[in-house]
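Enquirer: structural data only, the sequence is not supplied:
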């Protein structure tokens, strides 16, 4: 009985129900559009599992999502809402791209410098908002939304600088130097049949493990969670709440900045002028929610979202709109959000049954 109760109360159980419900609602919309859900979902699965290189592409798509998911999840666990992961991702990618173009360094060192600088840029971008929060009492959500747009237009400005802009036209930067790329060795990429295969997924998994250790196994993590659960109680216990908020936002911003570096140095190799928000930071919120704000959960939810993004891009082959992926993910988040209602109802039902 206790085992059954623990399963019904687990986050994984409700997450799986939410995913199933999302696919069911997506199927309804596909049928309304006159498209066979079986054909669409079959193509989606085949586009992910049909060939080894499809799985590699899924990992490539998932890597930056895991980083932004970790960024949002870490802030959730420590009591702040980092809706600014999008802006931190952008400044991270911008920093990595610019340094990848202008610096002339040996291969491994060049990539490390770009990655560290991107993490620092993301952390700094987040810390500015943190200072506004602790010094002036400005809510972080409002500041982060504004900073997302500042990062957006700053990136477009830098992309069009003469020394950075691609020669011969095109709304993008020059390609970053090969010494700054984080690609697998050519032999491995050839074996995997994917020229964009890179170390991003390894970095993302390592980051998730490090964040898990920080949150669950260190004094710093205990302090940050204490402030998140009850800032007044933490202050009474002698914990500096303002310093904890700044620390949490700094680490959160660094993770999003790393996601931007992985995207540029791994997959794209350049930065394009934005026509609209790229959405990696906002998708990180989805990853964090599906992963129940757990660092390890973010690995699996990031892989799931990466598979949906890559597989969804192939749906046009069966004349199904790729937007069905957005419908499914939106429904998944909706059902996860209202899962608390089902938990309450289940708890009341259990109490009545026991009585």
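Expert: Yep, that arrived. Given the structure is predicted, the values throughout are model-derived calculations rather than measurements. Numbers count the residues shown, from 1 in each chain.

Enquirer: now the longest helix anywhere in the chain: buried residues?
Expert: For the chain, the helix with the greatest residue count under DSSP state H is helix 107-136. Across helix 107-136, burial judged by 16 or more other CB atoms under 10 Å covers 110-111, 113-134. Bear in mind the C-beta positions are built from the backbone N, C-alpha and C, glycine included.

Enquirer: contacts for the following helix or strand past that helix next, please.
Expert: Next helix or strand after helix 107-136 toward the C-terminus (DSSP states H and E): helix 140-159. Residues outside helix 140-159 that contact it (CB atoms under 8 Å, 6 or more residues apart in numbering) are 80-84, 86-88, 90-91, 93-94, 98, 125, 128-130, 132-133, 164-165, 171-173, 249, 271-274, 277, 281.

Enquirer: test my guess that residue 271 contacts residue 173.
Expert: Yes. Here residue 271 reaches residue 173: they are 4.7 Å apart, a contact under CB atoms under 8 Å.

Enquirer: and for those two, which residues touch both?
Expert: 97, 159.

Enquirer: mind showing which ranges of this structure have poor pLDDT?
Expert: The chain contains residues with pLDDT under 70 at 1-10, 169, 232, 340-347, 349-355.

Enquirer: so where do the strands sit in it?
Expert: In the chain, no segments count as strands under DSSP state E.

Enquirer: not counting its neighbours along the chain, what's nearest residue 114?
Expert: Once flanking residues are discounted, residue 114 sits nearest to residue 96: 4.4 Å by CB to CB, 6 or more residues apart in numbering.

Enquirer: again with residue 259
Expert: Closest to residue 259 by CB to CB, 6+ apart is residue 67, at 3.1 Å.

Enquirer: do residue 248 as well
Expert: residue 78 is the one closest to residue 248 (CB to CB, 6+ apart), at 3.8 Å.

Enquirer: swap in residue 287?
Expert: Nearest to residue 287 is residue 69, by CB to CB, 6+ apart, at 2.9 Å.

Enquirer: tally up the residues packed near the residue nearest to residue 259, please.
Expert: 34 (other CB atoms under 10 Å).

Enquirer: start at 312 instead
Expert: Got it, the first residue is 312 from now on, which makes the last one we talked about residue 378.

Enquirer: how about the contacts made by it?
Expert: Counted by CB under 8 Å, 6+ apart, residue 378 has contacts 400, 515, 518, 566, 567, 569, 570, 573, 595.

Enquirer: are any of the residues you listed buried, and if so which?
Expert: Buried among the contacts of residue 378 (16+ other CB under 10 Å): 400, 515, 518, 566, 567, 569, 570, 573, 595.

Enquirer: out of those, which are inside helices?
Expert: 400, 515, 518, 566, 567, 569, 570, 573, 595.

Enquirer: tell me the one among the residues you listed nearest to residue 647.
Expert: Nearest to residue 647, judged by CB to CB, of those is residue 595 at 14.9 Å.

Enquirer: need the contact list for the closest one.
Expert: The neighbours of residue 595, taking CB under 8 Å, 6+ apart as the test, are 376, 378, 379, 380, 381, 382, 383, 396, 400, 567, 570.
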